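S.K.: based on what follows, work out the 3D shape:
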Amino acid sequence: MTLEDLGWNESFAEEFSAFDGKGWEPARLIRDNKITYGALLGDGRELEVVMGGRVYHAAASDAELPAVGDWVALEVGDENNEHIIRARLSRQTCFSRKASGKRMEEQVIASNIQIVIVVTDAGPDFNLRRMERYFAIIGRSRAKAVVLVNKADLFSDQENQTAAEAIRTQNPEAEVHVTSLKKKSSLKALKAYLKPGISITFIGSSGTGKSSVINHLLGGEYQFTDEVNENTGKGRHTTTARELMVLRGGGIIIDNPGIKEVHMWTDEATLREQFADIVELAGECRFDNCRHGPHAGCAIRVAMTDGRMEISRLEGFLKLEEEIEKLRLSRQKRQMTLERRERQNQPSKARRYDAMRNRHLEE
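M.R.: Numbering: from 1, shown residues only. Sure thing, here's the model as predicted:
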């Protein structure tokens, strides 16, 4: 194994040169154990490491703390000393979402990845509105989007192809494959993505066969997969934490726990890239402030009337646009609150001067 097999490149090497002479080693984080991390070095050593205090205090938010997929500068200890993360290298890509709950914080799913593979099926899990959300956050990460319409053996060919075509129509840039472990030849297309140094992360709802696909690519039962439920046709697995795995034949896979809700963490520009068809039509509306309602002069309403666009796609766009605007305002409000607290906690220059002067007089 080499650093390049782990995704190391010239940009990382150039940034790491700032630590020359310190004796630190480059390593990639493969597991987050909450308190400690698993790290992999270029010589194949896997170490349990801890975060240095300076790295912790330099992070403005949890999203800036080390995460699975990050490259770090590691001070390697010995049997009497811990292995310590001294710095986190800049992320070249970052796949993230809004943290669950009411917190307006970014949650990093995986960093420094080139391909995001979404696993769904043509049955209960199929949901184009959820796919829109996936594509929005994948677009912001600048990774390549791939979709598996998996467990094809449980559904008819027509159901599988209809689902696949709907996804292709929604995002023509995404590569969509109909797959089934019962027909392993359908998974051959995935081999083309497995190249040395290329990092792939898998996401999707629990029970769509994500871990089973990963097991197949790894060549063994790396992830434990439970039996299939006879009523729902869904398997149950024990993927509870993110983990980076390096394949012997080349390629890097990051598995993720099943995602119940896709909370947005993106921006307006990325959203409009994902809905370029709507943005283009909106430019043809008679009025610049058109709300795309049932009034004259709306090009989008005309497109829906003559069948060029489904109303569900417009509804999805408007909902995401509203959600992103709320997220933007919440971020802004949170930043103002943090700045206010910081000002309150920091004494003014005059107060600091008076305190120093009084101490001097007392001495």
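
S.K.: just list the residues touching the residue nearest in space to the middle of the chain, thanks.
M.R.: The chain has residue 95 as the residue nearest its centroid, 2.6 Å off, counting by CA atoms, centre = their mean. Applying CB atoms under 8 Å, 6 or more residues apart in numbering to residue 95 gives the contacts 108, 109, 110, 111, 113, 116, 137, 138, 141, 143, 201. C-beta coordinates here come from the backbone N, C-alpha and C atoms, glycine included.

S.K.: these two touch, right, residue 154 and residue 125?
M.R.: No - Residue 154 lies out of contact with residue 125 (CB atoms under 8 Å); the separation is 11.0 Å.

S.K.: return the subset of the contacts of residue 95 lying in strands.
M.R.: In this view, the contacts of residue 95 that belong to strands under DSSP state E are 108, 109, 110, 111, 116, 201.

S.K.: what is the nearest of the residues you listed to residue 305?
M.R.: Of all the ones in strands among the contacts of residue 95, residue 116 has the smallest distance to residue 305: 35.3 Å, by CB to CB.

S.K.: so the closest one bridges to which residues?
M.R.: Beta-bridge pairing for residue 116 (DSSP bridges): residue 145, residue 201.

S.K.: got a list of what it touches?
M.R.: By CB under 8 Å, 6+ apart, residue 116 lies in contact with 95, 134, 138, 141, 143, 144, 145, 146, 200, 201, 203.

S.K.: which residues in the stretch 101-250 of the chain form strands?
M.R.: Ranges of strands in the stretch 101-250 of the chain, per DSSP state E, counting those that start in this stretch, are 106-111, 115-121, 144-150, 175-178, 199-204, 225-228, 235-237, 243-246.

S.K.: take the contacts of residue 95 and write them to TSV, including pLDDT.
M.R.: Formatted as TSV, the contacts of residue 95 follow (pLDDT from 0 to 100):
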residue	pLDDT
108	84
109	85
110	88
111	92
113	94
116	93
137	83
138	87
141	85
143	91
201	91
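
S.K.: those residues into JSON lines, with extra columns for distance to residue 31?
M.R.: Converted to JSON lines, the contacts of residue 95 look like this (distance: CB to CB, whole Å):
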{"residue": "108", "distance to residue 31": "14"}
{"residue": "109", "distance to residue 31": "14"}
{"residue": "110", "distance to residue 31": "12"}
{"residue": "111", "distance to residue 31": "14"}
{"residue": "113", "distance to residue 31": "15"}
{"residue": "116", "distance to residue 31": "19"}
{"residue": "137", "distance to residue 31": "22"}
{"residue": "138", "distance to residue 31": "23"}
{"residue": "141", "distance to residue 31": "21"}
{"residue": "143", "distance to residue 31": "21"}
{"residue": "201", "distance to residue 31": "14"}
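
S.K.: so where's the stretch 51-200 of the chain shaky on pLDDT?
M.R.: For the stretch 51-200 of the chain, applying pLDDT under 70 flags the ranges 97-105.
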